[in-house]
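Undergrad: give me the fold of what follows.
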Amino acid sequence: NQRAKMSSSSFSSCASCFLQNHQGGVGGRCSRRISRLSRPSSSSPRRQRRVLFLRACAAQRTSGNDDDLDEDEDATKTKQQHQRNEKKPKKNIAVFISGGGSNMRAVHAACETGEIHGQISLVVTSSYTAGGVEWAMDRDVPVLLYPGGKDLEESERISPSELNEFLKNEYKIDVVLLAGYLRLIPPELCRTFENKMLNIHPALLPAFGGRGMHGAKVHEAVVNSGARFTGPTVHFVNENFDEGKIVAQRIIRIDPSWTAEEVARRVLKEEHEVFPEVVAALCDERIEFRETDGVGVIIDKMDSNKRY
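TA: Numbers count the residues shown, from 1 in each chain. Model (predicted):
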């Protein structure tokens with residue numbers, strides 16, 4: 001393995017330099033101006049932000065061509081919803097990943113079409129080798145490494161309080177999404193983003209969830225159990241793995257002949273549809289909470305009298 005050990009300088013390189021530094025290349029420091037961020041304490045020395053790429057320039061507003069909409073009742077309501085959204089600032093979204101980030105890409109696509117009135121303003125990764133890191137840097141989305149691997153010196157790690165500070169004050173994050181993030185979220189972050197942080201899990205919670213239940217392990221457990229139904233679950237995040245209140249699920253009937261790989265493929269397709277749908281509702285403030293138990297209920301964007 002020829003990957004170089006990440007230093008504090010390499011954390012603030014541009015995309016090309018970063019990839020060269022950590023794929024066996026010889027990349028040097030980028031000539032672009034690198035921004036810096038102080039520790040929370042004013043008495044502490046300044047240090048480089050644990051950011052793999054610079055903050056993106058302000059994203060361009062996106063809107064559809066209203067002339068292309070059919071002027072039926074549903075299309076009219078959709079246009080009215082877009083018009084209401086255009087009067088509001090887009091939500092700043094932070095996405096936490098540990099892998100390729102396919103759900104992050106699905107959310108980004110929905111932001112681009114206007115389905116989600118928001119923009120991905122920050123990516124947080126548990127590993128600089130995650131496939132989603134390069135995707136984010138190619139789009140000038142800043143990336144933070146948290147908590148980092150064992151090869152990262154303790155002095156170079158972001159603390160939970162710093163992470164909370166970065167999201168809340170530096171990047172002005174409104175919504176946090178866990179899209180295949182395999183680490184436990186710090187309690188202070190759960191409190192800061194209570195009912196504003198969503199996770200997607202590849203099974204029907206509360207079954208097949210909890211610590212260590214992720215990726216292929218989930219689908220293998222589902223198939224081996226003989227379960228006849230599966231599907232993704234979107235839930236709010238609390239301080240425990242997969243125990244937050246459920247806000248949406250999709251149901252897939254399992255054919256007895258299916259392998260775990262086939263189940264995974266079908267579940268992932270549903271994930272890419274339901275996750276952006278729930279994120280859109282959260283950004284539109286169309287999720288209300290039952291007084292009895294705090295469960296989130298989505299208000300239909302076409303008919304405010306409908307709940308699901």
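Undergrad: which residues of the stretch 51-200 of the chain fall in strands?
TA: In the stretch 51-200 of the chain, the strands defined using DSSP state E, counting those that start in this stretch lie at 91-97, 118-125, 143-145, 175-178, 197-201.
Undergrad: could those go into a markdown table alongside mean neighbour count, mean pLDDT and distance to V237?
TA: For glycine as for every other residue, the C-beta is placed from the backbone atoms N, C-alpha and C. A markdown table is the format used below for the strands of the stretch 51-200 of the chain (neighbours: other Cβ atoms under 10 Å; pLDDT from 0 to 100; distance: least, Cβ to Cβ, whole Å):
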| stretch | mean neighbour count | mean pLDDT | distance to V237 |
| --- | --- | --- | --- |
| strand 91-97 | 25 | 98 | 10 |
| strand 118-125 | 24 | 97 | 13 |
| strand 143-145 | 23 | 94 | 17 |
| strand 175-178 | 24 | 98 | 6 |
| strand 197-201 | 24 | 98 | 4 |
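Undergrad: export those strands as a markdown table, with columns for distance to D242.
TA: Shown next, in a markdown table, are these (distance: least, Cβ to Cβ, whole Å):
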| stretch | distance to D242 |
| --- | --- |
| strand 91-97 | 15 |
| strand 118-125 | 19 |
| strand 143-145 | 23 |
| strand 175-178 | 10 |
| strand 197-201 | 6 |
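Undergrad: out of those, which comes closest to E162?
TA: Of all the strands of the stretch 51-200 of the chain, strand 143-145 sits nearest to E162, with 9.5 Å by Cβ to Cβ.
Undergrad: ok so, going back, do you know which of the strands of the stretch 51-200 of the chain lies nearest E165?
TA: Closest among the strands of the stretch 51-200 of the chain, using Cβ to Cβ: strand 143-145, at 11.5 Å.
Undergrad: dump the residue contacts of the closest residue to L182 other than its chain neighbours.
TA: Nearest residue to L182, sequence neighbours excluded (Cβ to Cβ, 6 or more residues apart in numbering): S98, at 4.3 Å. With contact taken as Cβ atoms under 8 Å, 6 or more residues apart in numbering, S98 is in contact with 125-127, 130, 180-183.
Undergrad: so which of those residues sits lowest on pLDDT?
TA: Among the contacts of S98, S127 carries the lowest pLDDT, at 89.
Undergrad: wait, P142 sits on V123?
TA: Yes. Counting by Cβ atoms under 8 Å, V123 is a contact partner of P142 at 7.2 Å.
Undergrad: check contacts around N103.
TA: N103 sits next to 177, 179-180, 200, 271-272, 275 when contact means Cβ under 8 Å, 6+ apart.
Undergrad: of the residues you listed, which is the nearest to G244?
TA: Nearest to G244 among those, with distances taken as Cβ to Cβ, is I200, at 11.4 Å.
Undergrad: and that closest one, how far from D303?
TA: Remark: distance between I200 and D303 (Cβ to Cβ, to the nearest Å) = 25 Å.
Undergrad: likewise A260?
TA: Distance, A260 to D303, using Cβ to Cβ: 39 Å.
Undergrad: tell me which of those two has more neighbours.
TA: With neighbours defined as other Cβ atoms under 10 Å, A260 and D303 compare such that A260 has more, 16 against 10.
Undergrad: does that one touch K217 like I think?
TA: No. Look at A260 against K217 with Cβ under 8 Å: they stay out of range, at 9.2 Å.
Undergrad: please enumerate the helices of this structure.
TA: Taking DSSP state H, the helices of the chain run over residues 15-21, 73-86, 102-113, 131-138, 160-165, 187-192, 216-225, 260-283.
Undergrad: quick one: closest of those to N238.
TA: That would be helix 187-192 among those, by Cβ to Cβ, at 5.7 Å.
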